[in-house]
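>>> Take a look and give me a structure for this.
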Amino acid sequence: MTGTIYLHGAGLNAQSWEDIPGHPLNLPGHGDRPRAARPRVAAMADALAPEIPANAALVGHSLGGMVAMDLAARPSLNIRALVLVDTPLTIRALGVKTLGPKLAPWIVRALGPRTIGKLVSYRVETVAKRREFQHWIAANDPASLSDAMVAAALFDGEDLMHRISGAKIPVLAIFGKTSFLTRPPSCADMKAACPQLDCVTFDTGHMIPQDRPVEMQVAINRFLESHS
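The predicted structure is shown next:
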């Protein structure tokens with residue numbers, strides 16, 4: 001679908017999307033794109049905003065969904081539709097906002113992207129996809145991976161979703177039933193901030209683009225076609 005921008009999750013890159021009918025972009029600090037001015041979702045959105053075409057639809061997974069949320073809330077971009085793939089309004093785990101920004105740089109320095117990729121990849125269902133995931137994470141610059149973790153930890157999208165609701169932008173939220181990042185209240189939380197939001201839940205975890213790519217794209221295509 002022309003005019004559909006795809007934004008990947010933390011530590012991945014534009015190439016990690018497979019066979020999508022749209023245009024994948026690297027987040028700041030990922031692939032060949034320079035780091036953002038600050039390790040914040042808003043700063044990442046600032047860096048990408050000039051590349052978002054008028055009347056685009058945005059699809060974002062995880063951190064990419066957070067950035068897509070920030071972009072969609074900007075009236076100047078005139079976003080026509082938003083799809084959030086296992087993206088929380090905020091990460092509610094105890095201590096994330098206070099300790100996460102301090103611990104993330106230390107963890108990345110101590111373990112390195114390659115080891116982090118191996119530790120996190122068990123959440124990907126198949127061996128082949130797990131190896132791909134490890135490859136993408138290992139390719140990261142440590143400072144960029146740290147930026148992504150800090151930005152996600154500090155993100156709070158409730159006000160953004162209220163603004164998206166006020167702009168009448170159609171929103172689809174796709175969740176993984178067993179995701180470590182989103183829980184069953186996530187759909188209710190998002191609908192409270194954005195009543196026009198639709199929810200779909202797949203029987204998988206957080207890594208929906210890797211674990212359920214076909215089903216995910218069918219849901220995205222149907223949603224975007226209904227709001228074209």
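
>>> Assign the residue in the chain sticking out farthest from the centre to helix, strand or coil.
The C-alpha centroid of the chain is most remote from residue 110, which lies 25.1 Å away (C-alpha atoms, centre = their mean). Three-state assignment for residue 110 (DSSP: H, G, I helix; E, B strand; the rest coil): helix.

>>> Could you list the buried residues of the helix or strand of the chain with the lowest mean pLDDT?
None of the helices or strands of the chain scores lower by mean pLDDT, DSSP states H and E than helix 185-193, at a mean of 87. If you call a residue buried by 16 or more other C-beta atoms under 10 Å, then helix 185-193 has these buried ones: 186-187, 189-191, 193. The C-beta positions use only the backbone N, C-alpha and C, and glycine is treated the same way.

>>> Helix 185-193 and the helix or strand that it is followed by, what's the angle between them?
In the C-terminal direction, the helix or strand that comes right after helix 185-193 (DSSP states H and E) is strand 198-202. Per axes from the mean of the first three to the mean of the last three C-alpha atoms, to 10 degrees, the angle that strand 198-202 makes with helix 185-193 is 170 degrees.

>>> Which of the residues in strand 198-202 are classified as buried?
Residues of strand 198-202 classed as buried under the neighbour-count rule (16+ other C-beta under 10 Å) are 198, 200-202.

>>> Can you name every helix or strand that it contacts?
strand 171-176, helix 185-193, helix 213-226 (3 or more C-beta pairs under 8 Å, 6 or more residues apart in numbering; DSSP states H and E).

>>> quick one: strands adjacent to that strand?
Strand 198-202 has the following strand partners under DSSP bridges: strand 171-176 (parallel).

>>> taking the mean pLDDT, what do you get for the strand it pairs with?
pLDDT averaged over strand 171-176 equals 96, rounded to a whole number.

>>> just stretch 74-83 next, same as before
If you average the pLDDT over stretch 74-83, you get 96.

>>> what about it, how long is it end to end?
Start to finish, the residues bounding stretch 74-83 are 16 Å apart (C-alpha to C-alpha, to the nearest Å).

>>> Ok, stretch 131-148 next?
21 Å.

>>> List just the nearest of the buried residues of helix 185-193 to residue 210.
Nearest to residue 210 among these: residue 186, at 19.6 Å, using C-beta to C-beta.

>>> quick one: residue 129 from residue 122, how far?
Using C-beta to C-beta, to the nearest Å, residue 129 is found at 12 Å from residue 122.

>>> So which of these two has more stuff around it?
residue 129 (17 against 10; other C-beta atoms under 10 Å).

>>> any idea which helix or strand carries residue 59?
Counting by DSSP H and E, the element that carries residue 59 is strand 57-61.

>>> What strands line up against that strand, and which way round?
If you go by DSSP bridges, strand 57-61 pairs up with strand 4-7 (parallel), strand 81-85 (parallel).

>>> Residues in contact with the longest one: which ones?
When you say that, I think you mean strand 81-85. Outside strand 81-85, the residues within contact range by C-beta atoms under 8 Å, 6 or more residues apart in numbering are 57-62, 64-65, 68-69, 72, 164, 169-174, 190, 208-209, 216, 220, 223-224, 227.
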